[in-house]
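> Sequence and predicted structure below; questions after.
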Amino acid sequence: MKRSVLFVLATILSIAVFAQEGAEGQKSFQDDPANNPMTLLYLLTAFVFLILILTGFVAIYFIKVLNMLSTHAELRKVQQLGVNYISKPTLWQLFLQRVNASVPLEKEEEIELDHNYDGIKELDNHLPPWWTWLFIGTVVWAAIYIVIFHLSDTLPLQDQEYQNELIVANEQARKLRALQPREEVDENALTFSPDPATIEKGKVVFTNSNCGSCHRNDGGGNTIGPNLTDQYWLHGGDVMHIFHTVKNGVIEKGMPAWGKSMSPQNVKDVSFFIMSLQGTNPANPKAPQGELFKPTPNLNDSTKAEVSSL
């Protein structure tokens, strides 16, 4: 028996080691259970447990058969002796009688009360001991709970525990932000510069954020989103207005507030990419929408022009 158990355990361990070595680079069991190397181990484990369960049922049934044969043997013996047979209670019956403090049927006359209603008699049964001890346990636990949670403040209540968890979570978030600082962008001081690296990063963000589903990847616009390549704008056409529109969105027109999911730097890069689309003339662009936007001349440029004309 010991050798059989050891053989089964050795087989399971060897399969587990083999499956672990072969599982590297393989799909998970949920994705491909038929070809997963752990499937054999799971099936063997389930088979072993099934055998153990069946063995337990057979053992219980075998014990019941032995008890039945023993009872029949005692019954034949007392019949031969001509005495009354009194069956012995099983261990389970003794346990139930102990925890319930029940009185056997043959002794019910001892607890019978003088109350008789149309042949219905009343017995003086007490509460079962398990119920009494359970009730006493709840009273004791209630007293301990009041002392620990309300009188001594040894442990926090659920609301305070929630607040403590929030404090810990906020501290962890603060440390994480400190390790990964976000670059802040002053949207009121933005000026557009055709930097190829920034525009290329903005194009990647524009494409990955699925902005093209409303504006097309070339910015020509479709049924939902306006054309981003002409000089007509609904909410302003300079880089500060575009940054504000991308960041805060236009909810009533279906434009989400990308500032909630994008970093300020990504919003800036997208804004620069949109500015770079001016005058690209894509195929089949959407008709102009909004008002014609003319950029304000740079003060330094106008000053230089006046100086040169003098």
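Alright, I've got the coordinates.

> Against Val78, how distant is the nearest residue to Gln79 once chain neighbours are set aside?
Of all residues not flanking Gln79 in the chain, Tyr85 sits nearest, at 7.4 Å (Cβ to Cβ, 6 or more residues apart in numbering). C-beta: built from backbone N, CA, C; applies to glycine. Per Cβ to Cβ, to the nearest Å, Tyr85 is found 4 Å from Val78.

> residue ranges for the helices of this structure, please.
Counting by DSSP state H, one finds helices in the chain at the ranges 2-22, 39-81, 91-100, 129-145, 158-179, 196-208, 212-215, 239-248, 264-276, 299-309.

> Can you lay out the ones you listed as TSV showing mean neighbour count and mean pLDDT?
Shown next, in TSV, are the helices of the chain (neighbours: other Cβ atoms under 10 Å; pLDDT from 0 to 100):
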stretch	mean neighbour count	mean pLDDT
helix 2-22	12	52
helix 39-81	11	86
helix 91-100	11	80
helix 129-145	11	94
helix 158-179	10	89
helix 196-208	16	86
helix 212-215	16	82
helix 239-248	20	86
helix 264-276	22	86
helix 299-309	9	37
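
> Redo those as TSV? Include distance to Asn284.
Output for the helices of the chain, formatted as TSV (distance: least, Cβ to Cβ, whole Å):
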stretch	distance to Asn284
helix 2-22	54
helix 39-81	54
helix 91-100	85
helix 129-145	73
helix 158-179	45
helix 196-208	19
helix 212-215	13
helix 239-248	23
helix 264-276	19
helix 299-309	35
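
> between those helices, which one is nearest to Lys107?
Nearest to Lys107, of all the helices of the chain, is helix 91-100, at 11.4 Å by Cβ to Cβ.

> which strands and helices sit next to that closest one?
helix 129-145 (3 or more Cβ pairs under 8 Å, 6 or more residues apart in numbering; DSSP states H and E).

> and the residue lying closest to Ser193 once chain neighbours are set aside, what does it touch?
Distance criterion Cβ to Cβ, 6+ apart; nearest residue to Ser193, sequence neighbours excluded, is Phe272 at 7.8 Å. Contacts for Phe272 (Cβ atoms under 8 Å, 6 or more residues apart in numbering) come out as 192-193, 195, 198-199, 202, 239.

> swap in Pro295?
Per Cβ under 8 Å, 6+ apart, neighbours of Pro295: 237-238.

> if we go to 7 Å?
If you count contacts by Cβ atoms under 7 Å, 6 or more residues apart in numbering, Pro295 has them with Asp238.

> ok, it to Leu179 distance?
From Pro295 over to Leu179 (counting by Cβ to Cβ), the distance is 40 Å.

> got it, and Thr39?
Applying Cβ to Cβ to Thr39 and Leu179 gives a distance of 42 Å.

> returning to what we had before: Gln231: which of the helices of the chain is closest?
helix 264-276 (11.9 Å).

> now that closest one against helix 196-208, angle please.
Interaxial angle, helix 264-276 versus helix 196-208 (axes from the mean of the first three to the mean of the last three Cα atoms, to 10 degrees): 100 degrees.
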